[in-house]
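**Student:** Pasting the sequence and the predicted model now:
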Amino acid sequence: MSSADNNPITLSELAGLVRELVDQALGKQSFWVIADVANHNQKNGRHYFDLIEKDAAGIAIIAKLPTRAWAEGAQKISAFKTVTGQAFTTGLKVLSLVSISYNPVYGLQLTLLDVDPNFTLGVLEKQRKDTLLRLVAENPELVRLQDGFYVTFNQGLPLPKVIQRIAVISSTVSAGLEDFQHTLDNNGFGYRFEADIYYSYVQGETNAQSIVDQFITIYKSGISYDAVVLIRGGGSQTDLLIFEQYGIARAIARFPIPVLTGIGHQKNETIADLMAHTALKTPTKVAEYLVAHNRAFADELLSLEKSILIKTQQLLARHHHLLSARKFEISMICETYLNHHKRRLQDKSQGITRLGQSLLMAQQHRLRLLSSGITGRAQLVLYGHERDLMQQRTAIIQQVKGCLEDLGTSLARYQSELELISPERLLNRGFALIKKGGKIISRGDQLAQGNEIAIILADREIKATVDEIKNYDGREVNL
């Protein structure tokens, strides 16, 4: 059969037949269709995109139709963003009302007439719940639900008292990163932070592995970071879908360094926030949190310093009082000792005087007896006896004077010895008292290295710590 017998037609005629068939069969109908948005573009208030459907694995595309939204559809898309808080863009699963048409040049096309925001919100919420359930089910040692809150391994890690070195995961071009660094570098307390930037994509669900890879890089770096900061400078709810991904959430939950998030949202928390050690709203808030954290430690040190100063002043006052009491006690003891020996010397002096007087009286009595009994002796014998008597009297007086002088000398020596051993004189001569724990130390074996001691000089009290102890025979002392 020749081609002429087939009654050939033009391509436009064939396209017209297709258009007529489509219009007759579907042109007056509209359909609610569940599909994913792909290749979205917007120009002059109009939206151009594809509606696609993937297989059960979410990999292969099994259906695809080009779609457009004109004035009515564009208004519905604007209302969709207002209700959901997220942009109508690539990667979003939607329930949309569409009509079907065929254009001889552009082929089969769909026109979006309406879009149901509640469906998309429900899908996102279901995906969120499924991800959270999976985290708990597959990682019981890392994530658990307790009293309505998610508790993770990362949340149980203690933050260092002072945070200085941090790893920051952010996009290469991010106003949020600039705000974060500016707030850290210009904090009002002069704190210095060392921030290493690990650049990553922070938008698009398919880029989740990029963030996970950076967590792995930080872990393998071997650097002892105080904290890891994950930041993004804000965006629509759809822009933040990357932080709802299972891989990122699990990486945060199990990371061995505290993770702080500042993803730039103002309303709902992402799953990444729920898994993190500390979630804050914006990158700037994260920087302010780090500064406030270090400031809290500084305030704690200042408070401790004040407490130590007050305690030290109290201890000094108490020990000064004790020292004054000891000084008074030693003075009283010395005065009592001196008075006691002075009284003893006075008693001995009086006893010697009485003894001398008794001896003189006895000798005088003897002489009187001899004188009355000897009536016939010669004057020479009397003179001899008188001379002997005078010699004896002189000897007794000399003996009494010698005794008194010896006692006076002993008294002076005792007084000198007491003055030599008085604490004030010993301290003024260069000696010192050593105290440990408020008690005077007299032997070296009462001390050990590291003991805190007080050295009491004539005009100062010195606090010191024992550094070395060695035997000493005292032969090198130069007074």
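**Tutor:** Cool, the structure landed. Residues are numbered from 1 along each chain as shown.
**Student:** Which SSE is immediately downstream of the helix or strand where Y198 lies?
**Tutor:** Secondary structure assignment for Y198, by DSSP states H and E: strand 194-199. Once the chain leaves strand 194-199, the next helix or strand it forms, by DSSP H and E, is helix 208-220.
**Student:** Please point out which parts of that next one sit buried.
**Tutor:** Across helix 208-220, burial judged by 16 or more other CB atoms under 10 Å covers 208, 210-212, 214-215, 218-219. For the C-beta atoms, the positions are set from N, CA and C on the backbone; glycine is no exception.
**Student:** Farthest pair within those residues?
**Tutor:** The span of those, defined through CB to CB, is set by A208 and Y219 at 17.1 Å.
**Student:** rewinding a little: what is the orientation angle of the strand holding Y198 with helix 208-220?
**Tutor:** Interaxial angle, strand 194-199 versus helix 208-220 (axes from the mean of the first three to the mean of the last three CA atoms, to 10 degrees): 150 degrees.
**Student:** Who are the packing partners of strand 194-199?
**Tutor:** Applying 3 or more CB pairs under 8 Å, 6 or more residues apart in numbering; DSSP states H and E, one finds that strand 194-199 makes contact with strand 165-170, helix 175-185, helix 208-220.
**Student:** Only the C-alpha atoms, please, for that strand, written as PDB.
**Tutor:** Output of strand 194-199 as PDB, limited to C-alpha atoms (Å, rounded to 0.1, in the frame of the first residue of the first chain):
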ATOM      1  CA  GLU A 194      38.000  30.200  68.700                       C
ATOM      2  CA  ALA A 195      35.400  29.100  66.100                       C
ATOM      3  CA  ASP A 196      36.200  26.600  63.300                       C
ATOM      4  CA  ILE A 197      33.700  26.800  60.400                       C
ATOM      5  CA  TYR A 198      32.600  23.500  58.700                       C
ATOM      6  CA  TYR A 199      30.700  24.600  55.600                       C
END
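**Student:** Quick one: work out the angle between that strand and helix 175-185.
**Tutor:** Put simply, strand 194-199 runs at 170 degrees to helix 175-185, going by the same axes, to 10 degrees.
**Student:** out of the helices and strands packed on strand 194-199, which comes closest to L113?
**Tutor:** The nearest among these, by CB to CB, is helix 208-220 at 33.4 Å.
**Student:** quick one: pLDDT of N478?
**Tutor:** Looking at N478, its pLDDT stands at 53.
**Student:** the strands in the stretch 251-400 of the chain, which residues?
**Tutor:** 259-262, 278-280 (DSSP state E, counting those that start in this stretch).
**Student:** Could you dump the helices and strands packed on strand 194-199 into a markdown table and include mean pLDDT and distance to S78?
**Tutor:** What follows is these, written out as a markdown table (pLDDT from 0 to 100; distance: least, CB to CB, whole Å):
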| stretch | mean pLDDT | distance to S78 |
| --- | --- | --- |
| strand 165-170 | 94 | 31 |
| helix 175-185 | 89 | 25 |
| helix 208-220 | 93 | 29 |
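**Student:** Tell me which of the ones you listed sits nearest to Y414.
**Tutor:** The nearest among the helices and strands packed on strand 194-199, by CB to CB, is strand 165-170 at 74.2 Å.
**Student:** re the thing from before, out of the strands of the stretch 251-400 of the chain, deepest packed?
**Tutor:** Ranked by mean neighbour count, those are led by strand 259-262 with a mean of 27 (mean count of other CB atoms under 10 Å).
**Student:** Pull the distance from that one to the chain's centre.
**Tutor:** When distances are taken as CA atoms, centre = their mean, to the nearest Å, strand 259-262 is centred 19 Å away from the chain's centroid.
**Student:** contacts for that strand?
**Tutor:** Outside strand 259-262, the residues that touch it by CB atoms under 8 Å, 6 or more residues apart in numbering are 154, 176, 180, 227-232, 243, 252, 270, 272-273, 275-286, 289-290.
**Student:** Just the residues contacting the lowest-mean-pLDDT helix or strand in the chain, thanks.
**Tutor:** Using mean pLDDT, DSSP states H and E, the weakest-scoring helix or strand in the chain turns out to be helix 423-428, at a mean of 76. Helix 423-428 is contacted from outside by 327, 330, 419-420, 433, 456-458, using CB under 8 Å, 6+ apart.
**Student:** Check stretch 318-338 too.
**Tutor:** Contacts for stretch 318-338 (CB under 8 Å, 6+ apart): 415, 418, 422-423, 438, 454, 456, 461.
**Student:** So D459: helix, strand or coil?
**Tutor:** Three-state call for D459 (DSSP: H, G, I helix; E, B strand; the rest coil): coil.
**Student:** check contacts around it.
**Tutor:** So D459 contacts nothing (CB under 8 Å, 6+ apart).
**Student:** Check L65 too.
**Tutor:** Residues in contact with L65 (CB under 8 Å, 6+ apart) are 50-51, 108-110.
**Student:** re earlier: any chance of the strands of the stretch 251-400 of the chain in JSON lines with mean pLDDT and distance to L97 as columns?
**Tutor:** Shown next, in JSON lines, are the strands of the stretch 251-400 of the chain (pLDDT from 0 to 100; distance: least, CB to CB, whole Å):
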{"stretch": "strand 259-262", "mean pLDDT": "94", "distance to L97": "38"}
{"stretch": "strand 278-280", "mean pLDDT": "92", "distance to L97": "38"}
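**Student:** May I see those strands organised as CSV, with distance to D114 added?
**Tutor:** Below are the strands of the stretch 251-400 of the chain laid out as CSV (distance: least, CB to CB, whole Å):
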stretch, distance to D114
strand 259-262, 36
strand 278-280, 36
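**Student:** quick one: contacts for the spatially closest residue to Y198 that is not a sequence neighbour?
**Tutor:** What sits nearest to Y198 in space, not counting adjacent residues and going by CB to CB, 6 or more residues apart in numbering, is Q214, at 4.4 Å. Counting by CB under 8 Å, 6+ apart, Q214 makes contact with 169, 198-200.
**Student:** just the buried members of those residues?
**Tutor:** Buried by 16+ other CB under 10 Å: 169, 198, 200, out of the contacts of Q214.
**Student:** ok, I77 - how many residues close by?
**Tutor:** Neighbour count of I77, defined by other CB atoms under 10 Å: 23.
**Student:** which helices and strands does the host helix or strand of it pack with?
**Tutor:** Per DSSP H and E: I77 is located in helix 71-84. In terms of contacts (3+ CB pairs under 8 Å, 6+ apart), helix 71-84 is packed against strand 46-54, strand 107-116, helix 117-138.
**Student:** try it again with 6 Å
**Tutor:** For helix 71-84, the packing partners by 3 or more CB pairs under 6 Å, 6 or more residues apart in numbering; DSSP states H and E come out as strand 107-116, helix 117-138.
**Student:** Once you drop chain neighbours, what's closest to I218?
**Tutor:** A167 (4.7 Å).
**Student:** Hmm, that neighbour is touching A227, no?
**Tutor:** No: at 7.7 Å, A167 does not count as touching A227 under the criterion of CB atoms under 6 Å.
**Student:** before we move on, back to that, most widely separated two among the contacts of Q214?
**Tutor:** Across the contacts of Q214, no pair lies farther apart than I169 and Y199, at 8.0 Å, counting by CB to CB.
**Student:** Distance check, the most centrally placed residue in the chain against I434.
**Tutor:** With the centre of the chain defined as its mean C-alpha position, the nearest residue by CA atoms, centre = their mean is K161, 2.0 Å away. K161 is 38 Å from I434, where distance means CB to CB, to the nearest Å.
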